[in-house]
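predicted model follows, preceded by the sequence.
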Amino acid sequence: MSNVETEPPVLDCGDPAPTGLAGVEVLTARDVPLGGPRAMKVRRTLPQRKRSLIGAWCFADHYGPADPAVTGGMSVGSHPHTGLQTVSWLFAGEIEHRDSLGSHAVIRPGELNLMTGGHGICHSEVSTPETKSLHGVQLWVALPDAHRHAGRDFQHYAPPATDLGGATARVFLGSLAGETSPVKTFTPLLGAELVLEPGATVSLDVDPEFEHGLLVDTGSVTFAGTPLPAADLGYLGTGRATLELINSGDGPARAMLLGGPPFGEEIVMWWNFVGRTHEEIVAYREAWQAESPQFGAIPEVPGAPARLPAPVLPNVRIKPRRNP
């Protein structure tokens, strides 16, 4: 997914020292329109001023359920990425994905699509005509310096549902509850969809060297003693070997559990680029505008949305900025 803001903020993001056993930090989403004034809105919880990363997770958009007949659905033309992996996960609907690696895939609920855009890639995303409700998350993972110029890649994985006793998990990255994803990442990561039955309490064994985030999709989940309503993201620092989740509601609750060790590197994010310096971001933007082969190209498809031009950079230099 593209960040389609016409004036995207410039963020120089770092990662904090481990936060020990401090309580849950609650991150509230802001609404961002995915296109014009009638467009579908997404709820963005990462990055923000309170926190920029959770492990290597550096971007989280949560959208829907939305009726494409009302919002126009997702219609994002070819756009670039550098220095990151994109993680697409749906709860409902379908999205057609094309990229400059030559991948052509339909993203469906419960199936991971992970794209690596290290040195440069471009892709498009369009909801299918059959989609009556569009609902999901789009996540980005920052690549460490040693691998941030990696070649283009695309991976698909449909994880099995794992019974947790009162809940189910689909582990699409990393390991949880005895399940391990085969999908390649460049730093240790955890990514899982959790569905809790009404009244369920679940205790999960996790890596104490990881920090964790829980993004609530539906219902309300108490995360390590802190209630989180739908669309909020709860953050916990390192040092915990177990996480307790409670659904005290009358219906099922669904959430995304994200984790990883503190990233330990400063990154610069602007629009759809992750780099290390302001000058790199400027060069990426110029290369995209010049239609450089750095990003490749997607074959033309009749009726496809137009290639996205890069926004204008703000007239400021990027200043170092760290998590609290």
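Thanks, I have it.

please count neighbours and contacts with C-alpha atoms only from this point.
Noted.

for stretch 48-67, buried residues please.
48, 51-67 (16 or more other Cα atoms under 10 Å).

contacts only, for the residue nearest the centre of the chain.
Geometric centre of the chain, nearest residue: residue 139, 0.8 Å, by Cα atoms, centre = their mean. By Cα atoms under 8 Å, 6 or more residues apart in numbering, the contact list for residue 139 reads 57, 58, 59, 60, 61, 86, 87, 88.

closest to residue 208 out of those?
Nearest to residue 208 out of the contacts of residue 139 is residue 57 (Cα to Cα; 17.0 Å).

for the closest one, which non-adjacent residue is closest in space?
Nearest residue to residue 57 in three dimensions, chain neighbours excluded: residue 141, at 4.5 Å (Cα to Cα, 6 or more residues apart in numbering).

now do residue 122
residue 80 (4.2 Å).

who does the helix or strand containing residue 216 touch, helix- and strand-wise?
Residue 216 is part of strand 211-218 when elements are defined by DSSP states H and E. Counting contacts by 3 or more Cα pairs under 8 Å, 6 or more residues apart in numbering; DSSP states H and E, strand 211-218 is packed against strand 233-236, strand 253-260.

just put the ones you listed in TSV and tack on mean pLDDT.
Shown next, in TSV, are the helices and strands packed on strand 211-218 (pLDDT from 0 to 100):
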stretch	mean pLDDT
strand 233-236	98
strand 253-260	98
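
picking up where we left off before, tilt between the host helix or strand of the residue nearest to the centre of the chain and strand 211-218?
Using DSSP H and E, residue 139 falls within strand 134-142. Angle, strand 134-142 to strand 211-218, by axes from the mean of the first three to the mean of the last three Cα atoms, to 10 degrees: 170 degrees.

put the alpha carbons of the next helix or strand after strand 134-142 into PDB.
As assigned by DSSP H and E, the chain's next helix or strand after strand 134-142 is strand 153-157. Output of strand 153-157 as PDB, limited to C-alpha atoms (Å, rounded to 0.1, in the frame of the first residue of the first chain):
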ATOM      1  CA  ASP A 153      11.200 -10.400  -3.600                       C
ATOM      2  CA  PHE A 154       7.600 -11.600  -3.100                       C
ATOM      3  CA  GLN A 155       6.500 -14.300  -0.800                       C
ATOM      4  CA  HIS A 156       3.000 -15.800  -0.200                       C
ATOM      5  CA  TYR A 157       2.000 -18.000   2.800                       C
END
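
just the angle between the strand holding residue 216 and strand 253-260, please?
Going by the same axes, to 10 degrees, strand 211-218 makes 160 degrees with strand 253-260.

can you give the strand pairings for strand 211-218, parallel or anti for each?
Strand 211-218 pairs in its sheet with strand 233-236 (antiparallel), strand 253-260 (antiparallel), by DSSP bridges.

so what strands line up beside the next helix or strand after the first one?
If you walk from strand 233-236 toward the C-terminus, the next helix or strand you reach (DSSP H and E) is strand 242-246. Strand 242-246 has these partner strands in its sheet, going by DSSP bridges: strand 201-205 (antiparallel), strand 221-223 (antiparallel).
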